[in-house]
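In: Sequence plus predicted model, see below.
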Amino acid sequence: MSEHEYTPKSKAGKWFNDRLPLLTLGAHLTDYPTPKNLNYWWTFGGILTFCLITQIVTGIVLAMHYVAHADLAFASVEHIMRDVNYGWLIRYIHSNGASMFFLAVYIHIFRSLFYGSYKSPREVIWIIGLMIYLLMMAAAFMGYVLPWGQMSFWGATVITNLFSAIPLVGDSITTWLWGAYSVDNPTLNRFFSLHYLIPFLILGLVVLHIWALHVPGNNNPVGIDIKKPSKDTVPFHPYITIKDAFALLVFMIIFAGFVFFTPNVLGHSDNYIPANPLVTPAHIVPEWYLLPFYAILRSVPDKLGGVILMFSAIFILFVLPWLDTSKVRSAVFRPIYRQFFWILVIDVLMLGYVGAMPAEGIYLVLARVGTIYYFLHFIVVMPVVGYLEKTDPIPMSISEPVLTGGAEPSIARKVNDKV
Amino acid sequence: MSKEEKKVNRRDFLFTASYTVGAVGVGAVIWPMIDQMNPDKAQQALATTEVDISSIEPGKSITVLWRGKPIFIKKRTSEEIAEARAVKLDDLPDPQKDEDRVKEGKDEWLVMLGVCTHLGCVPLKDKGDFNGWFCPCHGSHYDVSGRIRKGPAPTNMEIPKFEFVDSNTIKIG
């Protein structure tokens, strides 16, 4: 982390830095040698930081007007929408912000899958990232419960009932989560408390995520190890900051498009009906970002089996660095894996689609096929393809293919054995 | 040296004793933190509900709220009772006789928790393939006795503890 010693120019700065080396940290973050070939798929880390801060700031403001009580919650949200100055704007930023957060995190995760960023020596970054993703899902789920509409209530009922599938202690755990004998006021109260807590846990994990990133440094599109600092790197500031800023601007335009033009398109109209424990909406669907897992849950005709498979779909990602046997990181040089990667992308999108459809007929068949492929991809395809695949030659350095006249892998020297 | 050995033993004892006391202390603090999330006295106080059933016509049902959950109270017709009792136990994923789901001599009254045993939605009445209830969430079909017949739900709809206070009133809980 300290390739060079940093000394503050001013006397006061030196005095402070000797006591708390914050300026050294700042210098490290500014000079941090970054691969010079990072493309726009690498800008989502910065975008996600923006999303987190947006959710925290708008969330703190909303909590000033929201009332976490079963009798008052729905009305207090309407109060925010109609009476509070700019309440509609702040709430729409917060609710659409959750969707934008997940959009960005999915791109971030698939970027990592394509370029092999989860592979050694970056396993810990990957695992911390998955923990953040799990916390994001918990926060989003609990946040969706707070308006206490029909989807809030029944979404909470279905998700908390997942725990009742646990043999022997399932019902006790569910009652404990509820604090009542059904989803009720105590449930809403504690969900609000936890919903407020989780973003700060995420913030802590983000610090660890970035710290763990700064130990080996960034992966890059060609996926090779590089010397730092060298001809292959540029300082983080201003080269990466300006690129991140531009990508963020484009992202914010799309974000604003949702907030100002279609603020409810990603939500469900049933959530504008106050919660009613006697009537279940005809068609319960979770938010779009949870749909692939929902499809996996429903594809199994057994309660416990479905729950186990759904959680496995997430937890299998934790062992991904050890399931992938390939010595080459980037899919750019992996002609076979690259095709399976795109099949996985299509598979997850398809699961998301059938998750929104009724669990019957062709949708059930598709959900089952999609679920089987999802697990085959990680358990069979990744180890076997990594072992058998003949990879394309990879370059010696980032500069080399450019300096020798082109980025064609065939021009680069054969160095497979050196990886 | 024996004296040194003794010293080490004394230290080991202190470590073990400290860890044990520490663990008990941590446990004593954690348990209230966990148990506070269980249903409180106010929730437990809502344990019983009395319902007037005199106005229910044969073949009709009402839904009442008990502990935040819907209770279906259905007055079944004799045909419906006969249909429920004609089912072979081998055809049931969770075998249970209709006789065991009602009070003896009050066979027309089906009182059950209107909660799908899959993930807790409220099933719709007079729907599904078995003339009983159908859960719209994940497609579980229940028969006229509230027993699971088809779909992902693992068990029959639950029968709560209830009794007839008189011929027109039942007490649930």
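Out: Thanks, I have it.
In: mind checking the backbone torsions on B:R149?
Out: phi -120, psi -40 (degrees, to the nearest 10).
In: Pretty sure it sits against B:F130.
Out: Yes - B:R149 lies in contact with B:F130 (C-beta atoms under 8 Å); the separation is 4.7 Å. Backbone N, C-alpha and C define where each C-beta goes, glycine included.
In: so what sits against both of the two?
Out: Counting by C-beta atoms under 8 Å, 6 or more residues apart in numbering or on different chains, the contacts common to B:R149 and B:F130 are B:141-143.
In: could I get these as JSON lines with distance to B:K125?
Out: Below are the shared contacts of B:R149 and B:F130 laid out as JSON lines (distance: C-beta to C-beta, whole Å):
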{"residue": "B:H141", "distance to B:K125": "12"}
{"residue": "B:Y142", "distance to B:K125": "10"}
{"residue": "B:D143", "distance to B:K125": "12"}
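In: Between the residues you listed, which sits nearest chain A?
Out: B:H141 (12.0 Å; C-beta to the nearest C-beta).
In: and the closest one, what are its bridge partners?
Out: Residues in a beta bridge with B:H141, per DSSP bridges, are B:F134, B:K150.
In: wait, isn't it in contact with B:R147?
Out: No - B:H141 lies out of contact with B:R147 (C-beta under 8 Å); the separation is 9.9 Å.
In: neighbour count winner among those two?
Out: Neighbours were counted for B:H141 and for B:R147 using other C-beta atoms under 10 Å in any protein chain shown; B:R147 has more, 27 against 20.
In: and the more buried one, what does it touch?
Out: Counting by C-beta under 8 Å, 6+ apart, B:R147 has contacts B:87, B:92, B:94, B:96, B:98, B:101, B:132, B:156-157.
In: Please identify the helix or strand for the residue most central in space within chain A.
Out: Centrality entry for chain A: nearest residue to the mean C-alpha point is A:V105, 3.2 Å, by C-alpha atoms, centre = their mean. When elements are assigned from DSSP states H and E, A:V105 belongs to helix A:87-115.
In: Can you list the buried residues in that helix?
Out: A:87, A:90-115 (16 or more other C-beta atoms under 10 Å in any protein chain shown).
In: before we move on, what about stretch B:70-80?
Out: B:70-76, B:80.
In: Restricting to those, which residues neighbour chain A?
Out: B:P70 (C-beta under 8 Å from any C-beta of the partner chain).
In: can you redo the buried residues of stretch B:70-80 as TSV with secondary structure?
Out: Output for the buried residues of stretch B:70-80, formatted as TSV (DSSP: H, G, I helix; E, B strand; the rest coil):
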residue	secondary structure
B:P70	strand
B:I71	strand
B:F72	strand
B:I73	strand
B:K74	strand
B:K75	strand
B:R76	coil
B:E80	helix
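In: Farthest-apart pair in the buried residues of stretch B:70-80, please.
Out: B:P70 and B:E80 (20.0 Å; C-beta to C-beta).
In: Can you get me the centre-to-centre distance for stretch A:320-333 and its chain?
Out: 20 Å (C-alpha atoms, centre = their mean, to the nearest Å).
In: Pull that stretch out as PDB, backbone CA atoms only.
Out: What follows is stretch A:320-333, C-alpha atoms only, in PDB (Å, rounded to 0.1, in the frame of the first residue of the first chain):
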ATOM      1  CA  LEU A 320     -17.200 -19.500  -7.300                       C
ATOM      2  CA  PRO A 321     -13.400 -18.700  -7.000                       C
ATOM      3  CA  TRP A 322     -12.800 -22.300  -6.300                       C
ATOM      4  CA  LEU A 323     -15.200 -23.800  -8.800                       C
ATOM      5  CA  ASP A 324     -13.500 -21.900 -11.700                       C
ATOM      6  CA  THR A 325     -10.500 -24.000 -12.600                       C
ATOM      7  CA  SER A 326      -9.300 -21.800 -15.500                       C
ATOM      8  CA  LYS A 327      -5.800 -20.300 -15.200                       C
ATOM      9  CA  VAL A 328      -6.800 -17.400 -17.500                       C
ATOM     10  CA  ARG A 329      -8.900 -14.700 -15.900                       C
ATOM     11  CA  SER A 330     -10.500 -12.700 -18.700                       C
ATOM     12  CA  ALA A 331     -13.200 -14.300 -20.900                       C
ATOM     13  CA  VAL A 332     -11.600 -12.300 -23.700                       C
ATOM     14  CA  PHE A 333      -9.100 -15.100 -24.000                       C
END
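In: How about it, which residues are buried there?
Out: Of the residues in stretch A:320-333, those buried (16+ other C-beta under 10 Å) are A:320-321, A:323-324, A:326, A:328-333.
In: can you check stretch A:383-400 too?
Out: Buried residues in stretch A:383-400, counted by 16+ other C-beta under 10 Å: A:385-386, A:389, A:391-395, A:397-398, A:400.
In: A:V285 is in contact with B:C137, correct?
Out: No - with contact defined as C-beta under 8 Å, B:C137 does not count as touching A:V285 (9.9 Å).
In: Can you pull out the low-pLDDT segments for chain B?
Out: Residues of chain B meeting the criterion pLDDT under 70: B:1-8.
In: all strands in it, in order from the N-terminus.
Out: In chain B, the segments counted as strands under DSSP state E are B:49-52, B:61-66, B:69-75, B:109-113, B:124-127, B:131-135, B:140-143, B:148-150, B:162-166, B:169-172.
In: Format those strands as JSON lines; extra columns: distance to A:Y294.
Out: Shown next, in JSON lines, are the strands of chain B (distance: least, C-beta to C-beta, whole Å):
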{"stretch": "strand B:49-52", "distance to A:Y294": "34"}
{"stretch": "strand B:61-66", "distance to A:Y294": "27"}
{"stretch": "strand B:69-75", "distance to A:Y294": "23"}
{"stretch": "strand B:109-113", "distance to A:Y294": "25"}
{"stretch": "strand B:124-127", "distance to A:Y294": "21"}
{"stretch": "strand B:131-135", "distance to A:Y294": "16"}
{"stretch": "strand B:140-143", "distance to A:Y294": "16"}
{"stretch": "strand B:148-150", "distance to A:Y294": "21"}
{"stretch": "strand B:162-166", "distance to A:Y294": "35"}
{"stretch": "strand B:169-172", "distance to A:Y294": "33"}
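In: So for A:S120, which of those sits nearest?
Out: Nearest to A:S120 among these is strand B:140-143; the distance by C-beta to C-beta comes to 46.2 Å.
In: For the closest residue to chain B within the stretch 1-150 of chain A, list the residues it contacts.
Out: Relative to chain B, the nearest point of the stretch 1-150 of chain A is A:A70 (9.6 Å; C-beta to the nearest C-beta). Contacts for A:A70 (C-beta under 8 Å, 6+ apart) come out as A:148, A:184-185, A:188, A:275.
In: Please apply the same query to A:H108.
Out: By C-beta under 8 Å, 6+ apart, A:H108 lies in contact with A:44-45, A:48, A:129.
In: out of those residues, which are inside helices?
Out: Filtering these for membership in helices, criterion DSSP state H, returns A:44-45, A:48, A:129.
In: Farthest pair within those residues?
Out: A:F44 and A:G129, at 11.4 Å, using C-beta to C-beta across the ones in helices among the contacts of A:H108.
In: Please verify my assumption that B:K125 contacts B:W133.
Out: Yes - using C-beta under 8 Å, B:K125 is in contact with B:W133, at 5.7 Å.
In: Could you pull out the residues contacting both of the two?
Out: B:F72.
In: So between the two, which is more surrounded?
Out: B:W133 (27 against 16).
In: which residues touch the nearest residue to the more buried one once chain neighbours are set aside?
Out: Distances taken as C-beta to C-beta, 6 or more residues apart in numbering or on different chains place B:P123 nearest to B:W133, at 3.7 Å, with adjacent residues excluded. Listed by C-beta under 8 Å, 6+ apart, the contact set of B:P123 reads B:114, B:116, B:133-136, B:140, B:142, B:157.
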